[in-house]
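J.: any chance you can model this:
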Amino acid sequence: MSPKRSRSTRTKPSPVPSPPVARAGGSVLRSATVGALPMVNRLLCRARLEEFLRDALPEEDGRTKLSPTKALLVLLRNLLLSREPIYGLGEWAARYAPDLLGLAEKEVGLLNDDRVGRALDKLFAADVSSLVLSVATHVVKEFGLRLDELHNDSTSVSFFGAYSAAAEAQRVFGRPTLAVTFGHSKDHRPDLKQLLLILTVTADGGVPLHFRAASGNVTDDTTHRDTWDLLCQLTGRRDFLYVADSKLATRENMAYLHQQQGRFVTVLPKTRSEDGAFRDLVARGQVTWRPLWEKTDEDGEVIDIYSASDQPTSSAEGYRLVWYHSRRKAEHDAVTRFARIERALKELASLREKLRSPRTRYRQESKVQKAVAEILESRGTEAWVVTEIKPITDETYRQATRGRPGKDTTYTKKVTTRFDLAYQIDDARVAEDAKSDGIFPLITNVADLSELELLKTYKRQPTIEKRFSQLKTDFEVAPVYLKAVHRIQALLSVYFFALLLEALLERELRQAMQRKEIEALPLYPEGRACRWPTARRVLDLFDPIQRHTLSHGKRPAEVLVTDLTRVQRRLLNLLGLPPKHYGQ
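T.: All right, here's what the predicted structure looks like:
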């Protein structure tokens, strides 16, 4: 991400420009952007976020010119609509109608990166966990969210820079900060330091209910018990279905949830002995499958066929273990294996050329072995590619003394060893492993769900990936340019609320379409149909809307708002907003 899109802070705030003004014949025309602010404001009002923020933030003193609550809500609106850098927040706000930003006209000029930074300080000093819990509890009631199934996952937020001062946890404003450090990168950037962002969403619309950040070196398997406890506090129940990735499937995590009357579904890791034992049965042809589900797309075309194993199995702890086969996953596994092997062979061929060079640096067999092992391990092909390192001895002779050679000249022999590399694909092992392509096991302590219901439950797990995608694409999350880690943590909280509002907008619109039996809306260019409207597309459609105030002398000012298109009016009606008063 380029620095111009960063959320860095500067020491001197830029002057805030005045809104556009046109004058002619004694008339004055002032223009301001409306955009999708009325839509966002309605969601903020229903979520009562301003009220919860005001109660959570530390008490303001008399010197405060701009309320931190107002500054944070302007930042939140900015994330949803424009994603401007913090140092450009004042310029961005000046283009909009102040009342729609929750500001008085004189307060717009007070917006700058320094005040927003201090507002983030206030947010960090607050009890963010209780704030999130309060907002989520209210949202559940206000929007009627179902809490019978919750999905959890995590992602990493990468940092460009040394961040040496943030490498260890500290205390700021009496609260501990996180450590920006190296860890398992979900972005495949092990060269960058990171923080871990843990998110839980509902199966009902993928609405984020809970989030927390952790130090960059924290592993996922250590986060589930605390997360589950907080979800119990939020939902007021223990019987919700907790769905997570394979990091949940440790003996300690599963035992904790089971003993606390929790219900879980996760995928069994390949490192478990049960996985290897079952795949051996598959390789020997001792497993039978029965058709379970033909998954179709929106047009009714079959995109995958799932089968379930007739082999009754359970985990070592006694939990229910169900084995599935996916035709689409089998094809993907085969393609992935071929690509890995091909990449490994290319890298081995490159290494072989280096070994043959007279100037090779690989003079010791241990060094060659290490290079080969690194290639096979990095590509995950240790089981499919067989290698052999062959030593080659070269003998050279040289005169023992100077001068022209004669019959009595003696020579010394020098023996050097270099290495050649031979490699080939283990076709038998590849064929054996191919028999278990497309297979994956789900482990659960739930007995009242059928195999199909269990499968569909887990297949809803990618819902949370959509939220991570929005975080890193729609919002272009880039707190990496902030220097203070406590402000980074506070900014991640604002991003959570932005994700929450986007998810609620999508859920409200899609439910309204379902009630009205509307299959699709013409939201794409050229009026092309959109069956599953996204918040990003809906918000962008309202970008051109402006409010114009025309005044002439002492006569009452006339307010004009850009005419709404047919699609815009239809969206507002579906969302329960009267088009007639939009932007007034």
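J.: need the contact partners of stretch 223-236.
T.: Stretch 223-236 has contacts (Cβ atoms under 8 Å, 6 or more residues apart in numbering) with 129, 133, 136-137, 140, 147, 150, 152, 154, 196, 198, 200, 209-210, 212, 214, 238, 240, 242, 244, 247-248, 252-253, 256-257, 260, 262. C-betas here are computed from N, CA, C, even on glycine.
J.: so which of the residues you listed are in helices?
T.: Counted as lying in helices by DSSP state H, out of the contacts of stretch 223-236, are 129, 133, 136-137, 140, 252-253, 256-257.
J.: scan those and report the most crowded one.
T.: Within the ones in helices among the contacts of stretch 223-236, most neighbours by other Cβ atoms under 10 Å means residue 136, with 24 neighbours.
J.: go ahead and confirm it touches residue 211.
T.: No - proximity of residue 136 to residue 211 does not meet the contact threshold set by Cβ atoms under 8 Å, at 9.5 Å.
J.: which residues do the two both contact?
T.: Here residue 136 and residue 211 have no joint contacts, going by Cβ under 8 Å, 6+ apart.
J.: tally up the residues packed near residue 392, please.
T.: Count around residue 392 with other Cβ under 10 Å applied: 11.
J.: and it, how far from residue 368?
T.: Per Cβ to Cβ, to the nearest Å, residue 392 is found 12 Å from residue 368.
J.: what do these two both touch?
T.: The contact sets of residue 392 and residue 368 overlap at residue 419 (Cβ under 8 Å, 6+ apart).
J.: which stretch of helix or strand covers the residue of the chain most remote from its centre?
T.: No residue in the chain sits farther from the centre than residue 407, which is 79.5 Å out by Cα atoms, centre = their mean. Assigned by DSSP states H and E, residue 407 belongs to neither a helix nor a strand.
J.: what are the phi and psi values for it?
T.: phi -70, psi -20 (degrees, to the nearest 10).
J.: contacting residues around it?
T.: So residue 407 contacts nothing (Cβ under 8 Å, 6+ apart).
J.: low pLDDT regions in this protein?
T.: The chain contains residues with pLDDT under 70 at 1-19, 24-25, 62, 472-482.
J.: domains of it?
T.: The chain resolves into domains spanning 3-128+495-581, 129-273+441-481, 333-401+410-429 when parsed by automatic domain parsing.
J.: and these: which comes nearest residue 324?
T.: Of all the domains of the chain, domain 129-273+441-481 sits nearest to residue 324, with 6.0 Å by Cβ to Cβ.
J.: burial of residue 89, as a residue count?
T.: Per other Cβ under 10 Å, the neighbour tally for residue 89 reads 24.
J.: not counting sequence-adjacent ones, nearest residue to it?
T.: residue 111 (5.4 Å; Cβ to Cβ, 6 or more residues apart in numbering).
J.: how about residues contacting the host helix or strand of residue 464?
T.: Assessed by DSSP H and E, residue 464 sits inside helix 462-472. Helix 462-472 is contacted by residues 151-153, 155, 197, 199-201, 203, 206, 208, 477, 495, 499, 502-503, 535-536 when judged by Cβ under 8 Å, 6+ apart.
J.: one more: stretch 238-250?
T.: Residues from elsewhere that reach stretch 238-250 (Cβ under 8 Å, 6+ apart): 147-153, 203, 219-221, 224, 228, 231-232, 254, 257, 260-269, 272, 443, 446, 457-458, 460-461.
J.: any buried residues in it, and which?
T.: 240-250 (16 or more other Cβ atoms under 10 Å).
J.: and which of those residues is nearest residue 577?
T.: Nearest to residue 577 among those is residue 240, at 32.3 Å by Cβ to Cβ.
J.: quick check: next helix or strand after the host helix or strand of residue 415?
T.: When elements are assigned from DSSP H and E, residue 415 belongs to strand 411-425. Note on strand 411-425: by DSSP H and E, the next helix or strand toward the C-terminus is helix 427-434.
J.: counting by contacts, list what that following helix packs against.
T.: Secondary-structure packing of helix 427-434 (3 or more Cβ pairs under 8 Å, 6 or more residues apart in numbering; DSSP states H and E): helix 327-356.
J.: rerun at 10 Å
T.: With contacts taken as 3 or more Cβ pairs under 10 Å, 6 or more residues apart in numbering; DSSP states H and E, helix 427-434 sits against helix 273-283, helix 327-356, strand 385-399.
J.: would you list those in TSV and tack on distance to residue 467?
T.: Shown next, in TSV, are the helices and strands packed on helix 427-434 (distance: least, Cβ to Cβ, whole Å):
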stretch	distance to residue 467
helix 273-283	29
helix 327-356	23
strand 385-399	38
